[in-house]
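Visitor: With the input below, show me the fold.
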Amino acid sequence: MIEESLTPIKAIPAEDDDARAVREAVAVARAELVDREIVSEAVVLCAVAGEHLLVIGAPGTAKSEAVRRVAHHLGGRLFEYILGRFTEPNEIFGPVDLRRLREGVVEVETAGMLPEADVAFLDEVFLGSTAILNTLLGLLNERTFRRGSTAVDVPLRVCVGAANALPEDPALDAFADRFLARIFVEPVADARLEELLETGWAGGRADSLPPASERLLPVVDRLAAAARSCDLTAIRPQLAVAIRRLRAAGVPLSDRRAVRSQRLVAAAAVLDGRGAATPADLWVLPLIAPTADAQALARDTLADLLGTSRNRSLLHAAEELSRGPLARAERLAHTGEAQLAELGLPPHPRDERLRLEATLREIDASFGVDSVPEQLGAVRERLVAAVTAP
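Guide: Residues are numbered from 1 along each chain as shown. Sure, this is the predicted structure:
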């Protein structure tokens, strides 16, 4: 029986308010795409953690669209570019100032380029030249851009790199390692094709992104500051156990990735409205496994440690990465409450009833009568009442 409550533990009011604001924006961003909720949520997690995200998937799987929509709702400056073998550094970092060059000084005009971006999306990221990747190494790790006499601190919160596959060249390992979190995406499942077609048709007719309700970059910065001071004392022994298990299972984790995983744990905690990490935040650990197979192995290896995982802001990511019952209950309760909030007075239209019935079937398939968490049980009762209303 699942005895844990879905009520947040030790919520800190200021952080909880910021987490709620981000939660609402993420909900809007992820609702605009089908089956890309985890990508959207991972971008926010990494922005708060101060880490970078690598998204691996076939072309046409809406990787860039997911990042673009999250960046829009955060309100920061987005820099996008598709790298190629012949991409020049000035296309990414800015051109050399010719006037200063005549004076014998190499300075770069960075206006509108990557060094001035808050969020960056680099597609085909491993196709960049050696000059580009070497410059990116320092920029991503140190948040500083240096070229010639130009040396500027960059405001970059998160860089999302995308590729069709992981690189096979060992020379790219050091660069790839700068992306702590990794997401592997597949084409939308057949079961959601109708939803994909409907959403894609509506999106295809839109001339621009929908208006963002609030510019949230300052909120993200406050959460990032809170994450840096998050108390990890209670969770650190379990984190060490998890790292040992992953290494013993054959998941390759460098010391750097092990240490920096704490940033993801802390970010998960503050996005759930807490100033101290708990076992509920360990769901982020599969993200640091380098391949899709290694991530599946990580979930299996850490199944008992991830059982209490959940996150109110990052519902889908917490559920998918942990496969835990509390994370699923959190997501189902949120889904049910959203559906009920949209209902008008009875009699309810057939399509609304079908959506409610689908949620009820998922709840009943996921939990036995005696194992439904209290909050989800209350939502289930309301769903049943709505479906059976005359």
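
Visitor: Show me where the stretch 201-350 of the chain has its strands.
Guide: Shown for the stretch 201-350 of the chain, no strands are assigned by DSSP state E, counting those that start in this stretch.

Visitor: Next one: residue 66 from residue 116, what distance?
Guide: Remark: distance between residue 66 and residue 116 (CB to CB, to the nearest Å) = 23 Å. Where you see a C-beta, it was placed from the backbone N, CA and C, and this is true even at glycine.

Visitor: These two: which is more packed in?
Guide: residue 66 (28 against 17; other CB atoms under 10 Å).

Visitor: so what's that one up against?
Guide: Residues near residue 66 by CB atoms under 8 Å, 6 or more residues apart in numbering: 29, 30, 33, 36, 39, 40, 43.

Visitor: Could you list the domains of this structure?
Guide: According to automatic domain parsing, the chain comprises the domains 1-77+155-199+214-323, 326-388.

Visitor: Over to the residue nearest the centre of the chain. Which of the three states is it?
Guide: Nearest to the geometric centre of the chain sits residue 42, at 0.8 Å (CA atoms, centre = their mean). Following DSSP: H, G, I helix; E, B strand; the rest coil, the label given to residue 42 is helix.

Visitor: Quick check: bridge partners of residue 79?
Guide: Legend: beta-bridge partners of residue 79 under DSSP bridges are residue 120.

Visitor: Give me the neighbour count for it.
Guide: 20.

Visitor: ok, now residue 45?
Guide: The number of residues packed near residue 45 is 28, by other CB under 10 Å.

Visitor: next one: residue 377
Guide: Count around residue 377 with other CB under 10 Å applied: 15.

Visitor: got the phi/psi numbers for it?
Guide: Backbone torsions of residue 377, given as degrees, to the nearest 10, read phi -60, psi -40.

Visitor: go on, residue 149?
Guide: Backbone torsions of residue 149, given as degrees, to the nearest 10, read phi -90, psi 0.

Visitor: so what's residue 297 up against?
Guide: Neighbour list for residue 297: 249, 250, 251, 289 [criterion: CB under 8 Å, 6+ apart].

Visitor: Narrow these to those that are buried.
Guide: For those, a burial check counting by 16 or more other CB atoms under 10 Å picks out 251, 289.

Visitor: just the contacts of residue 297 now: which is nearest residue 89?
Guide: Checking the contacts of residue 297 against residue 89 by CB to CB gives residue 289 as the nearest, at 31.9 Å.

Visitor: quick one: the closest one and residue 295 touch, right?
Guide: Yes: using CB atoms under 8 Å, residue 289 is in contact with residue 295, at 4.4 Å.

Visitor: joint contacts of the two?
Guide: Jointly contacting residue 289 and residue 295 under the rule CB under 8 Å, 6+ apart are residue 182.

Visitor: List the buried residues of stretch 107-126.
Guide: Under the neighbour-count criterion of 16+ other CB under 10 Å, stretch 107-126 has 107-108, 110, 113-126 buried.

Visitor: do stretch 146-164 as well
Guide: For stretch 146-164, a neighbour-count test (16+ other CB under 10 Å) marks 147, 150, 154, 156, 157, 158, 159, 160, 161, 162, 163 as buried.

Visitor: Narrow those to those in strands?
Guide: Of these, the ones assigned to strands by DSSP state E are 147, 150, 158, 159, 160, 161, 162, 163.

Visitor: Which of those residues sits closest to residue 312?
Guide: The closest of those to residue 312 turns out to be residue 158 (CB to CB; 20.7 Å).
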